[in-house]
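Engineer: Sequence below, structure please.
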Amino acid sequence: MRLLSWNIQWGRGADGVVNLSRTIAAIRMLGNFDVICLQEVSVGFASLHGGEPVDEVAVLASAFPEYSAHYAEGVDVPDGEGGRSCFGNLTLSRLPVGQVFRHSLPRPPDEGVPSMPRVCLEVVISGPRGPVRVLNTHLEYYSRVQRMTQVAALSGLQCDVVRLASATDANHRETSPDSPFACWPRPVSAVVCGDFNCEPGSPEYYRMTAPVAADVPGWEDAWRVCYGDIPHLATVGLNGAEWPDRRYCCDFFFISGDLVDRVEAVAVDQATGASDHQPVMLTLG
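Structural biologist: Prediction:
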C-alpha cells in the first residue's frame with residue numbers, strides 16, 4: 001500500500017507561479033499510489049489564481065478519475081459572488097473507501113497571532129490487509145498554542161477509536177448498511193499525514209509521539225521506524241522557495257503502533273519545485 005502526502009500550496013510552485021497542471025504532472029511522475037493526501041487545496045479564492053476562481057477539487061478529481069475524491073474544508077466562506085470559497089485537505093483513493101469523517105480541529109485564542117480554521121480528514125480505506133484509517137491534516141503555522149491543542153486532538157481521536165473498538169453496545173449496532181446507525185469498520189490501525197508545521201524535536205512533535213493513555217500508545221513517526229536516528233530529510237526550504245530561510249522537515253507520516261512492522265519505506269522527493277513543500281511517500285507491506 002503506497003501513500004503520498006503533499007502540501008501543494010494550491011499549485012503555487014517554489015518559483016511563485018501557480019500551475020496546477022505542473023502539480024498533477026509531478027504527482028504522476030512520482031509513481032503509482034493507492035492513496036494521495038493533499039493539503040492547501042482551494043475552491044474559489046480567485047485571488048490565489050490571478051483573479052479567476054478555480055475549483056481545484058474538481059480539477060484534481062478529473063485528473064485522477066480512477067480515484068474517489070474526498071474533501072474537507074477548514075475554511076468555508078462566501079466568495080462575494082453568491083458561491084463559496086473553501087480551503088482544506090483532499091484525499092484521493094483508488095482503494096474502496098468506507099466511512100469518512102471531517103474533524104474540525106481546535107483553535108483556541110492566541111492574542112495577536114494570525115491563524116485560520118484547520119481540519120483533519122479521516123477516510124477508512126479497505127487495504128489489501130484489511131481496513132486502515134488514513135487521516136490527512138494541516139496544523140496551524142503561526143500559533144504554537146493552537147498546534148499543541150490540535151496535536152492533542154489527533155491523539156484524542158485515536159483514544160476514542162481504541163475505546164470504541166472495545167465497546168460492545170448491541171443497542172447501537174444494526175445490520176443494514178442503509179441505516180445511519182449501521183456499524184461500519186473503523187479500525188485502530190491508522191496513518192496520520194500532512195503538514196504539521198513543527199520540526200522533529202519540537203514540543204508538538206514530542207506531544208504527538210507521547211503515550212495518550214495507559215492503554216493508548218502515542219503515534220509512531222514512520223521515518224524513525226525506518227531510519228532510527230538518521231535526521232529527517234528536509235521538506236521545506238528547497239528549490240529556491242522564498243519561504244523559509246532554512247531547510248527543515250515539517251511534513252510527516254505518523255502511524256499507530258500496530259503498523260510498525262508493516263513500514264517498508266519512507267521517502268521524500270526533494271527535486272520537484274512544484275510547491276514550497278516536498279512530497280513525502282510511505283510504503284506499507
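
Engineer: what does stretch 178-192 contact?
Structural biologist: Applying Cβ atoms under 8 Å, 6 or more residues apart in numbering, the set of residues contacting stretch 178-192 from outside is 3, 98-99, 120, 124, 130-135, 137, 154, 158, 161-162, 164-165, 172-177, 219, 222, 253-256, 258-259, 282, 284. The way it works is simple: take the backbone N, C-alpha and C, and place the C-beta from them, glycine included.

Engineer: Where strands are concerned, which of these count?
Structural biologist: Of the positions in the contacts of stretch 178-192, 3, 98-99, 120, 124, 130-135, 137, 253-255, 282, 284 sit in strands, assigned by DSSP state E.

Engineer: from those residues, which would you call buried?
Structural biologist: Burial by neighbour count, 16 or more other Cβ atoms under 10 Å: within the ones in strands among the contacts of stretch 178-192 this picks out 3, 120, 124, 131-135, 137, 253-255, 282, 284.

Engineer: so which of those comes closest to residue 212?
Structural biologist: Distance to residue 212 across these (Cβ to Cβ) is lowest for residue 254, with 12.3 Å.

Engineer: Who is the residue lying closest to residue 1 once chain neighbours are set aside paired with across the strands?
Structural biologist: Leaving aside its sequence neighbours, residue 1 sits nearest to residue 284 (Cβ to Cβ, 6 or more residues apart in numbering; 4.5 Å). Beta bridges link residue 284 to residue 263 when assigned by DSSP bridges.

Engineer: again with residue 4
Structural biologist: With DSSP bridges applied, the residues forming beta bridges to residue 4 are residue 36, residue 281.

Engineer: in terms of contact, does it touch residue 30 like I think?
Structural biologist: Yes - contact criterion Cβ atoms under 8 Å: residue 4 and residue 30 qualify, at 6.5 Å.

Engineer: Tell me, please, where in the chain the pLDDT is lower than the cut-off.
Structural biologist: Within the chain, the stretches with pLDDT under 70 are 168-175.

Engineer: Spit out the contact partners of the most centrally placed residue in it.
Structural biologist: Residue closest to the average C-alpha location in the chain (Cα atoms, centre = their mean): residue 136, at 2.2 Å. Going by Cβ under 8 Å, 6+ apart, residue 136 touches 5, 37-39, 72, 89-91, 120-123, 193-194.

Engineer: Nearest to residue 65 among these?
Structural biologist: Of all the contacts of residue 136, the one with the least separation from residue 65 (Cβ to Cβ) is residue 90, at 14.6 Å.

Engineer: Tell me the secondary structure of that closest one, please.
Structural biologist: Three-state assignment for residue 90 (DSSP: H, G, I helix; E, B strand; the rest coil): strand.

Engineer: What of residue 156?
Structural biologist: Strictly by three-state DSSP, residue 156 counts as helix.

Engineer: So it is in contact with residue 212, correct?
Structural biologist: Yes - the criterion here is Cβ under 8 Å, and residue 156 meets it with residue 212 at 7.4 Å.

Engineer: quick one, helices of the stretch 101-250 of the chain?
Structural biologist: Secondary structure of the stretch 101-250 of the chain (DSSP state H, counting those that start in this stretch): helices at 144-166, 203-209, 222-227.

Engineer: So which residues make contact with the shortest one?
Structural biologist: It refers to helix 222-227. Residues from elsewhere that reach helix 222-227, judged by Cβ under 8 Å, 6+ apart: 191, 232, 252, 253, 254, 255, 260, 263, 265, 266, 282.
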